[in-house]
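Colleague: need a structure here:
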Amino acid sequence: MSKRIAVCPGSFDPVTLGHRDIIQRASKLFDKVIVLVSVNAMKNPSFTAVERVKLIEKVTADLDNVVIDINDGLLADYVKKVGACAIIKGLRAVSDFEYEFQMALANKILYDGAETVFLTTSAENMYLSSSVVKQIASFGGDITHFVPECILEDIKARLWKEPEEIK
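Modeller: Residues are numbered from 1 along each chain as shown. Model prediction:
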C-alpha cells in the first residue's frame, strides 16, 4: 500500500502557532506531510530558507510523519516529483479563499494528480499571520501568544527591537 503524502507549502517567515496547528492537523490525516518552504524571489524574507527549515524542524520535532523541504520552483512540479496526493492550505478568512482557490485551480491544471485540501484555522488563530508577528516584534511587542515557545528566542533575536530602538 502506498503512503498518502501531502505537501503543506508556505513562506513560514516565521512559522507561527497557526502554521503549527495546520501542520499538526494535516499530520493526522496523511501518512506523510512535507512542509515546504517556498522561496519567492519577489519577497524579501526576514529569515533565509535554511533558517526557516530549522525553525520548522524545532516546531514539528514531535510529529514523526512530518518532514521539511525547500522549493524554488513550481509547487505543482514539486508535488508531482514527490508523489503527493494533496496540497494542504490553511484558510483564516474568506479573503484567503479567493486567492487560494485560484491557486488550487492553477495547480490542478499544472498537475491533476493532487487535490488541494483546505483546512480552516482554529478560532484563536484567525487573525494570526507571519506579517502580524513581524510587525509586533519590530515594535518591541510581546509575541509569546503567536509563536511556539521553542522558537520564541530565535525570532526575537532577529526581529525584536527594544521600544527605545524604534524612535
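Colleague: and the closest residue to residue 160 other than its chain neighbours, how many neighbours does it have?
Modeller: Closest residue to residue 160 apart from its sequence neighbours, by Cβ to Cβ, 6 or more residues apart in numbering: residue 137 at 4.7 Å. Just so you know, the C-beta spots here come from the backbone N, C-alpha and C atoms, and that holds for glycine as well. Residue 137: 21 surrounding residues under other Cβ atoms under 10 Å.
Colleague: go on, residue 26?
Modeller: The burial count assigned to residue 26 is 24, neighbours taken as other Cβ under 10 Å.
Colleague: separation between it and residue 71?
Modeller: The gap separating residue 26 from residue 71 is 17 Å, by Cβ to Cβ, to the nearest Å.
Colleague: Check what pLDDT residue 124 gets.
Modeller: With respect to pLDDT, residue 124 has a value of 87.
Colleague: which ones are touching it?
Modeller: Residues near residue 124 by Cβ atoms under 8 Å, 6 or more residues apart in numbering: none.
Colleague: I figured residue 58 was touching residue 150, is that so?
Modeller: Yes. The pair residue 58 / residue 150 is scored as a contact, 4.9 Å apart, by Cβ atoms under 8 Å.
Colleague: Residue 19 touches residue 90, doesn't it?
Modeller: Yes. With contact defined as Cβ under 8 Å, residue 19 and residue 90 form a contacting pair (7.3 Å).
Colleague: between those two, which one's more packed in?
Modeller: Legend: neighbour count by other Cβ under 10 Å for residue 19 and residue 90, higher for residue 19 (27 against 21).
Colleague: gap between the more buried one and residue 147?
Modeller: Distance, residue 19 to residue 147, by Cβ to Cβ: 9 Å.
Colleague: Excluding covalently adjacent residues, which one is nearest to residue 9?
Modeller: Closest residue to residue 9 apart from its sequence neighbours, by Cβ to Cβ, 6+ apart: residue 36 at 4.3 Å.
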